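# Pasting the sequence and the predicted coordinates here, then a few questions.
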Amino acid sequence: MNAPRMPQIHESPPWWRTLPEDFYCQSDGTELDGESPIQVYSTAAADRALRSVLGCAISASLLPKLALQPRLLSDERQAMDFYAALAEQRDADRVFPVPPAVNVCAQSPSRWQRWREPAPTSLLSFDSPFEPLNPEMTDRYLANRRNRRAEVQLWSHPEGPRPTLIFVHGVVASDYRFNSRFFSLPWFYERGYDIALFTIPFHGSRAERRSLFSGQGLFSGGFSQLAEGMLQSICDLRVLFDYLVARGAPHVGISGLSLGGYLSALMAVVEPRLAFCIPNSPLVAPVDTIRSWQPTRSFMELIQQRSGLSAQDLRRGMAVHSPLSYQPVLNPERVMIIGGAGDRFTPPRFVRLLHAHWPDSYLHWFPGNHLLHFGRQQYLQLMLSFMDSHCQGATLQERGLA
């Protein structure tokens, strides 16, 4: 039987025009609301408090750039017009050019680090070949020198390359050890997968020395710098993908949380060789997402008052790096989307928006929020089975784990 025909992106109006203006504040819900109401509603309340903390950090980072320097607001408006014009074309090859070949260095950790890691580990690094899409951003963006050196922690099996999971962290949460424990990455390693933990631009070792928190640089340069940061992430992820294939990995797939889930989905519109793509609690429409938070919603209203740059203008401009803007190159059968029924950082309606972009992809809900993943063991088992099915590995039944 032939696979169902994927909807062609150019046959429908752009999502940023058809999405209701009040989408950010619409009601939400999943079938788990009735099945696990205590877990869903209690974790949703916790998320609302936590997202206010992150909203304060983002607003404070944007404030010097967009609220205190009127001239820069004019530059930001011009930048959004530039990105919006490219988004209108919906040409992924134009926005995400194939990166050139670069030299990837592999360095062994110190004896102390080796003792602390759950698997044989090497630190990969390379000079990011990324050049800003907007020529007006080139000098300012590339002035962030630490961000120009990409880093990845690779766990590999002594016997040789295995099917490999690229894992991409969320905003702020770039610590390798935290992510390895939270997502049970040693468990995937023990079941035969090499693991590559990617560091998003402006996070971890890529953050500038004066950054107040990991990832601040994504926001401190305004929305235009955030846009270029997303484009650089894809450029560097493609360099990593090519390296893993060249070293002998028979299959390479990707998963990530929140912003990492967003970038995972973006990879699925530019890289057809992916064995699988598993966005977890993915960010989907950044502008609409932060409009549902405070104080970022008030901050965006202030920007509009001072510059005329509306939320719709920002939605159009930031669409340049949205997976919803481009034709998927990965079949839905290779995409598994995971969402939290109580998630109020990336609420269920946003997750459904991404799911609709890959009709017939697998969608799984868990009864938790953005950080408290009740039922995590269940979706980890589902992830493993899904990964195995696309990497020609042993099934759960063959391992005796089902």
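Happy to help now that I have it. Numbering: from 1, shown residues only.

# Output the below-cut-off pLDDT ranges for this structure.
Residues of the chain meeting the criterion pLDDT under 70: 1-7, 11, 33-36, 38, 40-41, 65-70, 110-118, 393-402.

# Dead centre of it: give me the residue that sits there.
residue 260 (2.6 Å; Cα atoms, centre = their mean).

# So which residues of this structure form strands?
105-107, 121-127, 149-155, 164-168, 194-198, 252-257, 277-280, 336-340, 362-366 (DSSP state E).

# just those strands: most buried one?
strand 277-280 (a mean of 29; mean count of other Cβ atoms under 10 Å). All C-beta spots, glycine's among them, are computed from the backbone N, C-alpha and C.

# Just the endpoints, please. Distance across stretch 95-103?
Stretch 95-103 stretches 23 Å from its first residue to its last (Cα to Cα, to the nearest Å).

# quick one on the thing from earlier: from what I can see the residue nearest to the centre of the chain touches residue 170, true?
Yes - using Cβ atoms under 8 Å, residue 260 is in contact with residue 170, at 5.3 Å.

# so what secondary structure elements neighbour the biggest helix by length in the chain?
When the chain is parsed with DSSP state H, its longest helix is helix 37-66. Secondary-structure packing of helix 37-66 (3 or more Cβ pairs under 8 Å, 6 or more residues apart in numbering; DSSP states H and E): helix 32-35, helix 70-89, helix 216-220, helix 222-246, helix 296-307.

# Of the ones you listed, which is nearest residue 138?
Closest approach to residue 138 among these is made by helix 222-246 (9.4 Å; Cβ to Cβ).

# how big is the angle separating the closest one from strand 194-198?
Between helix 222-246 and strand 194-198, the angle comes out at 160 degrees (axes from the mean of the first three to the mean of the last three Cα atoms, to 10 degrees).

# got the buried residues for helix 222-246?
Buried residues in helix 222-246, defined by neighbour count with 16 or more other Cβ atoms under 10 Å: 222-244.

# now swap in stretch 290-300 and tell me
290-293, 296-297, 299-300.

# got the contact list for residue 203?
169, 172, 174, 214-215 (Cβ atoms under 8 Å, 6 or more residues apart in numbering).

# and the residues you listed, which of them are in helices?
Per DSSP H, the subset of the contacts of residue 203 in helices is empty.

# Nearest to residue 78, out of the residues you listed: which one, please.
Checking the contacts of residue 203 one by one against residue 78 (Cβ to Cβ), the nearest turns out to be residue 215, at 25.3 Å.

# wouldn't that closest one be in contact with residue 171 here?
Yes - counting by Cβ under 8 Å, residue 171 is a contact partner of residue 215 at 5.1 Å.

# Of the two, give the one with the bigger neighbour count.
When neighbours are counted by other Cβ atoms under 10 Å, residue 215 comes out ahead of the other of residue 215 and residue 171, with 28 against 24.
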